[in-house]
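J.: pasting the sequence and the predicted coordinates here, then a few questions.
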Amino acid sequence: MRPKAICYLMVMLLIIGMVACGGDDDDSEPATTETETTTPSQPAEPPAAAAGAEIDFAAEEKAIRDLYAVYATAHGDKDVDTLEEVWLKSEDKSVFTAWTFWAGTFERNDGWKAVTAAWEGIFRLRGGAMTVDITYIAIDSRGKDAVLRGEYAWGNQRGDLISALEKDGDDWKIRAIDYTGGKHGKQVKDLNAPAHTFGEIAEE
């Protein structure tokens with residue numbers, strides 16, 4: 001019995017040894033811990049441009065000057081059709097002309113149709129080339145509203161004008177003109193905090 005018991009013991013040790021060695025000979029790949037695939041973060045978009053940052057104020061000022069050049073030429077030609085095109089077509093009372101062209105009497109014409117009719121009447125009495133020496137331009141931060149000041153000469157009529165302009169789509173239009181230079185009340189108000197200016201307001 002003793003030799004048989006020793007034999008069993010040896011067989012048992014051999015089996016245990018084979019089992020122990022078998023774990024080391026396993027060809028399977030070691031388990032790996034999978035991590036969630038991440039996409040590289042996209043670069044942050046630049047902050048939105050500050051108000052007025054993308055407006056080309058030099059180009060807007062030039063457009064206003066060009067508009068006034070057309071306006072002055074239309075006076076010399078007594079061209080009512082062109083005048084109609086440079087004015088804002090609105091019947092709101094913020095659209096007006098104020099002048100003293102009728103024998104020095106102050107007159108204000110409200111609304112686009114009244115402005116056009118008034119010019120037709122004036123053209124029957126006055127003519128000649130008009131010039132406007134622009135001394136001041138102010139444009140708001142949105143590039144939508146502007147104020148212009150200048151000295152005008154039209155025939156024997158001379159004086160200071162103050163004009164309000166407004167963007168109508170992509171084009172500047174004249175909204176109001178006070179040919180009295182503010183002598184009959186502040187018909188056209190200046191912009192409070194313009195983003196762009198040319199020249200300075202002369203002391204009144």
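T.: Sure, I can see it.
J.: what about Asn109, neighbour count?
T.: By the measure other Cβ atoms under 10 Å, the count of residues near Asn109 is 18. Using the backbone N, CA and C atoms, a C-beta is placed for each residue, glycine as well.
J.: got the phi and psi for the residue nearest in space to the middle of the chain?
T.: By Cα atoms, centre = their mean, the chain has its centre lying nearest to Arg142, at 4.3 Å. The main-chain torsion angles of Arg142 are listed as degrees, to the nearest 10 and equal phi -90, psi -10.
J.: just the pLDDT for it.
T.: We note a pLDDT of 96 for Arg142 in this prediction.
J.: what segments of this protein are helices?
T.: Taking DSSP state H as the criterion, the chain carries its helices at 2-24, 57-77, 80-86, 112-125.
J.: run through the chain and note the low-pLDDT ranges.
T.: Counting by pLDDT under 70, the chain shows low-confidence ranges at 1-53, 203-204.
J.: now the longest strand along it, how far from the centre of its chain.
T.: The single longest strand within the chain, with elements called by DSSP state E, is strand 157-168. When distances are taken as Cα atoms, centre = their mean, to the nearest Å, strand 157-168 is centred 22 Å away from the chain's centroid.
J.: wouldn't Ile177 be in contact with Ile162 here?
T.: Yes: Ile177 sits in contact with Ile162 when judged by Cβ atoms under 8 Å, with a separation of 7.4 Å.
J.: and for those two, which residues touch both?
T.: With contacts taken as Cβ atoms under 8 Å, 6 or more residues apart in numbering, the residues that reach both Ile177 and Ile162 are Val188.
J.: what about Ala103, neighbour count?
T.: Other residues within reach of Ala103, judged by other Cβ under 10 Å, total 6.
J.: and Glu84, how far is that from Thr116?
T.: Counting by Cβ to Cβ, to the nearest Å, the gap between Glu84 and Thr116 amounts to 6 Å.
J.: ugh, wrong one, Thr97
T.: Between Thr97 and Thr116 the distance is 10 Å, computed by Cβ to Cβ.
J.: with Asp140 instead?
T.: For Asp140, the distance to Thr116 equals 27 Å [Cβ to Cβ].
J.: relative to Leu148, how far out is the nearest residue to Lys93 once chain neighbours are set aside?
T.: If you skip the residues right next to it in sequence, Lys93 has Asp110 as its closest partner in space, 4.6 Å away by Cβ to Cβ, 6 or more residues apart in numbering. With the distance defined as Cβ to Cβ, Asp110 ends up 20 Å from Leu148.
J.: comparing those two, which shows the higher neighbour count?
T.: Neighbours per residue (other Cβ under 10 Å) separate Asp110 from Leu148, with Leu148 holding more: 27 against 16.
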